[in-house]
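Colleague: Quick one, structure for this:
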Amino acid sequence: MNQSALIRPDWTPATIAMMVLGFVVFWPLGLAMLAYILFGERLKSFKKDANSTIDGVFTSFKRGGGRGFCGPQFRTGNVAFDDWREAELARLDEERRKLDEMRQQFDDYVRELRRAKDQEEFDRFMRERNSGGSGSTPGFPAH
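Modeller: Residues are numbered from 1 along each chain as shown. The predicted structure follows:
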């Protein structure tokens, strides 16, 4: 099992142990681990949103001429070169947009795979539980 599966934002034995150890060693560490367990899935979308916002700020800063000699406001005096440069920058912006869309599609695909895997594990658990005959799960007494 890989490390990312052990330390995912969920109530796994590893995360619970890290939370308890964090509270024993230094209580803010335990509190941080508890926050990660509870809100970890939201951190991914928060990070993506924050990165998009920062990219937008820097893009507008760049387009506004804030980068000095490297910005689009700087002209070399050669009209052909300046036109080519602006066309290449526009093409690169379009490629970046396409890559961002592909990354989002891949993230959605991976999220759906995880959901399907979780559903499969739950269905298997329910089949095993219901096929036990006595109504008890292996290792658990019947009520």
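Colleague: Next one: the residue nearest to residue 38 when sequence neighbours are not counted relative to residue 24, how far apart?
Modeller: Once flanking residues are discounted, residue 38 sits nearest to residue 9: 7.8 Å by Cβ to Cβ, 6 or more residues apart in numbering. The way it works is simple: take the backbone N, C-alpha and C, and place the C-beta from them, glycine included. Look at residue 9 and residue 24: by Cβ to Cβ, to the nearest Å, they are 21 Å apart.
Colleague: Of the two, give the one with the bigger neighbour count.
Modeller: residue 9 (17 against 10; other Cβ atoms under 10 Å).
Colleague: how about stretch 37-52: buried residues?
Modeller: residue 37 (16 or more other Cβ atoms under 10 Å).
Colleague: neighbouring contacts of that stretch?
Modeller: 8-11, 15-16, 19, 36, 107 (Cβ atoms under 8 Å, 6 or more residues apart in numbering).
Colleague: Swap in 6 Å and give it another go.
Modeller: By Cβ atoms under 6 Å, 6 or more residues apart in numbering, the residues outside stretch 37-52 that reach it are 9, 15.
Colleague: chain center to it: distance?
Modeller: In this view, stretch 37-52 has its centroid 6 Å away from the chain centroid, taken as Cα atoms, centre = their mean, to the nearest Å.
Colleague: And stretch 80-93, by the same measure?
Modeller: Stretch 80-93 sits 32 Å away from the centroid of its parent chain (Cα atoms, centre = their mean).
Colleague: Kindly report the same for stretch 15-35.
Modeller: For stretch 15-35, the distance to the chain centre is 22 Å (Cα atoms, centre = their mean).
Colleague: Tell me which residues of it come out buried.
Modeller: Residues of stretch 15-35 classed as buried under the neighbour-count rule (16+ other Cβ under 10 Å) are 15, 18-19, 22, 30, 33-34.
Colleague: mind checking the end-to-end distance for it?
Modeller: Start and end residues of stretch 15-35 are separated by 11 Å (Cα to Cα, to the nearest Å).
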